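Trainee: Curious how this folds, go ahead:
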Amino acid sequence: MSLQSLSFQVLAQSGQDNTAMDPIVVTATLGPKTVGESLSSVTVIEEEEIRRQQPKEFREVIESQPGVSVVGNGSYGKQTSVFLRGNASDASILLVDGIRIRSATVGGPAWQYLPPQLVNRVEIVRGSRSSLYGADAVGGVVQAFTTPTRQGTQGWVEAGAGNFDSQQYGAGVSSVEGGSRLNVGVNHFQTDGAPVVRGGDDKGYDNTSGVASASHEFSNGVRAGFTFLGAEGRTEYEGGEEDFRFQTAGVNLEVPVTSHWRAAVQFSDARDELEDFSSFPGRFNTQTQSSRLENWLTYGTHEFVLGAEQQVDRVESTTAYDESSRDNTAVFGQALFNFGALDTHLSLRNDDNEAYGNQTTWGAGVGYEFDRHHRVRTSVGTSFKAPSFNDLYFPGFGNPDLEPEEATSYEVGFEGRYVSWFWDVALFHTDVEDLSLPTQDAAGSVPEARLRGVELSAGWQSDGWSLKAAATVGDYENKEDDQQLIRRAENTVRVDLDKELGQWVLGTTVRGESYRYDGVFNPSTFQVDRKRLAGFGVWDLRASRTLAPGWLASLTLDNVLDREYSTAANSPTANFISAGRTVFLSVRYDFVR
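Mentor: Below is the predicted model of the structure:
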């Protein structure tokens, strides 16, 4: 990937000059731009919001956000799928500090293993991004950042416990001094878990994780650094258990060649490893090695990016795949024009993959700023989802002649951003051709799909109050029979409200999702049937209190009303169920030097 981690350092420095209602983001355009300037639909979740929520799984941070619907096979480390604007879970990209991670065998990332306790910030960019990121960026890109942003030397220690015999321990230290940055952190979470089906046994989960990053900017402007995140553990599920390893590592170098030319290179390694101990045991390990070059050129108020990327996927498995590796070579370019109140973004990329050949994608966006508070944006772009190793090479199942799914996306957005509040409205439409790759998100062949809807979001901060609200109304259907695509909730809503009261911070989250369908195998007919799962609403409460300088106690009560709900089916007669009401108490000590 591009040097997102280095760009985030620029973000941290530049963000001090912008209001909280128009933060700087780097994922939408490969470099730092305010949300408005990015001409994209972006949701930013800051460190303070993550800490207040005290999430045990990454899904808790992003579920029911604008355009986001999450499906899980039960709670605590169970298989999780993330749908952006109705696109399949393996048609969206997950980045960690600029490094892409996924399973090349199933095609999508293991969202459930990313430790939220070590994440400082999340950016969710919705809409086509293949012209910048290549394969699978159809629904958008989610990027998690672990790098430090605050000046000075800081450290933290945290311990907590809750029902289901859940326990969490963590510690870390970071330093930002001049041109040098350092961050090290570790975390351990374990739980006996809850049943994932009615009448089932508790299904446990443990995750031990760590992060490390360092960078230094020399007097000549050269910046060098590295970043690492790793998580490993075990999760139990209905019918077995599995060991996992989730890891990203990268080194990067940024050189100011001239005052108008900056070159950056990154080498990265990402690993998604899984060993299954069910009645059908197996090992499925993916290693993705990437190298990426970007050249940033400036001319007045205009910016240009020219780059190239080389990526190699390798699969090591107890299953004898017909092929165990493939490489992808890409060249790409981006032009960001600014003519005062008018911004125009153009991007173009070509991917040459030894498995499925050449794919060329493009994107174009235009935005107009009526005044310093109001802007309109419109964009169009093409994208594609690549067939996975399972799609192509799984013995007796794969088809090496499969072609990528292709999509064209359109969007129109309006926004208002002020000192203490903002609002945003986005209308989107995506046409997907040949949505037929045999993935976990499709039941049978869907020759053409139409994904459309509207996203509404707003936020407000004042006098210790913090409010964020989001709603999505979608229509995700098979164009051939007008049936709703499976696993997607078409309508979602989420409201987060917090209030500072002296030493206390009190908060609540209310979210809901409409009904959805899942595809389940019917052994009596040997067919995949559609099963309707009811919509649901969830109410969470949280409170934290400063006990002494640096000491903070936090209590979360999730699913206050103890609602049982399901986002996935296990069989024609049973669904995967939520954990119900959960309580967690933690104590954290932060020190600053």
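Trainee: Where does pLDDT dip in the chain?
Mentor: Within the chain, the stretches with pLDDT under 70 are 1-20, 434-446.
Trainee: Quick one: residues contacting residue 86.
Mentor: 69, 139, 430, 451, 453, 474, 476, 485, 488, 490 (CB atoms under 8 Å, 6 or more residues apart in numbering). C-beta coordinates here come from the backbone N, C-alpha and C atoms, glycine included.
Trainee: oh, I was asking about residue 449
Mentor: Contact analysis of residue 449 by CB under 8 Å, 6+ apart lists 431-432, 435, 476-479, 485.
Trainee: Assign a three-state SS to it, would you?
Mentor: Assigned with DSSP: H, G, I helix; E, B strand; the rest coil, residue 449 falls in the strand class.
Trainee: same question, residue 30
Mentor: Applying three-state DSSP: residue 30 is coil.
Trainee: Could you number the chain from 46 rather than 1 from now on?
Mentor: I'll keep to 46 as the first residue from here, and by that count the last item is residue 75.
Trainee: so it makes contact with residue 381?
Mentor: No. Residue 75 is beyond contact range of residue 381, at 9.5 Å (criterion: CB atoms under 8 Å).
Trainee: is the closest residue to residue 455 other than its chain neighbours in a bridge, and if so with what?
Mentor: Nearest non-adjacent residue to residue 455, counting by CB to CB, 6 or more residues apart in numbering: residue 474, 4.7 Å away. Applying DSSP bridges to residue 474 gives these bridge partners: residue 455, residue 497.
Trainee: on that earlier part again, for residue 75 and residue 381, list the residues in contact with both.
Mentor: Residues touching both residue 75 and residue 381 (CB under 8 Å, 6+ apart) are residue 350.
Trainee: who does residue 478 bridge with?
Mentor: Beta-bridge partners of residue 478, counted by DSSP bridges, are residue 451, residue 493.
Trainee: show me what contacts it?
Mentor: Contacts for residue 478 (CB under 8 Å, 6+ apart) come out as 450-452, 492-493.
Trainee: Please check the residues you listed and keep the buried ones.
Mentor: Buried members of the contacts of residue 478, counted by 16 or more other CB atoms under 10 Å: 450-452.
Trainee: quick one: which of the residues you listed is nearest to residue 346?
Mentor: residue 452 (32.0 Å; CB to CB).
Trainee: what about the closest residue to the closest one other than its chain neighbours, how many residues close to it?
Mentor: Nearest residue to residue 452, sequence neighbours excluded (CB to CB, 6+ apart): residue 477, at 4.5 Å. Residue 477: 28 surrounding residues under other CB atoms under 10 Å.
Trainee: so who does residue 477 touch?
Mentor: For residue 477, the residues meeting the contact criterion (CB under 8 Å, 6+ apart) are 132, 183, 450-452, 493-496.
Trainee: now it: how far from residue 148?
Mentor: Distance, residue 477 to residue 148, using CB to CB, to the nearest Å: 22 Å.
Trainee: Mind listing the strands the helix or strand that contains residue 555 pairs with, and their directions?
Mentor: Residue 555 is located in strand 549-558, with elements delineated by DSSP states H and E. In the sheet, strand 549-558 lines up against strand 536-546 (antiparallel), strand 581-593 (antiparallel) (DSSP bridges).
Trainee: contacts for that strand?
Mentor: Counting by CB under 8 Å, 6+ apart, 97-98, 108-109, 114, 534, 536-544, 580-590, 612 sit against strand 549-558.
Trainee: How about that strand, which residues are buried there?
Mentor: Neighbour-count burial for strand 549-558, counted by 16+ other CB under 10 Å, picks out 550, 552-558.
Trainee: Turn these into TSV, columns for distance to residue 329.
Mentor: Putting these into TSV (distance: CB to CB, whole Å) gives the following:
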residue	distance to residue 329
550	43
552	40
553	40
554	35
555	38
556	33
557	35
558	30
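Trainee: Out of the residues you listed, the closest to residue 439 would be?
Mentor: For those, the nearest to residue 439 is residue 558 (32.0 Å; CB to CB).
Trainee: Tell me where the stretch 346-495 of the chain has helices.
Mentor: For the stretch 346-495 of the chain, applying DSSP state H, counting those that start in this stretch gives helices covering 434-438.
Trainee: helices and strands around the helix or strand that residue 96 is a member of, which ones?
Mentor: Element membership for residue 96 (DSSP H and E) is helix 92-98. With contacts taken as 3 or more CB pairs under 8 Å, 6 or more residues apart in numbering; DSSP states H and E, helix 92-98 sits against helix 104-107, strand 166-171, strand 549-558, strand 581-593, strand 596-603.
Trainee: if we can go back for a sec, most neighbours among the contacts of residue 131, which one?
Mentor: Ranking the contacts of residue 131 using other CB under 10 Å puts residue 184 first, with 31 neighbours.
Trainee: and residue 335, that one's in a strand?
Mentor: Yes. According to three-state DSSP, the state of residue 335 is that of a strand.
Trainee: What count of nearby residues applies to it?
Mentor: The burial count for residue 335: 19, using other CB under 10 Å.
Trainee: Check residue 137 too.
Mentor: 29.
Trainee: How about residue 525?
Mentor: Neighbour count for residue 525, taken as other CB under 10 Å: 11.
Trainee: Same check on residue 244?
Mentor: Residue 244 has 6 neighbouring residues, counting by other CB under 10 Å.
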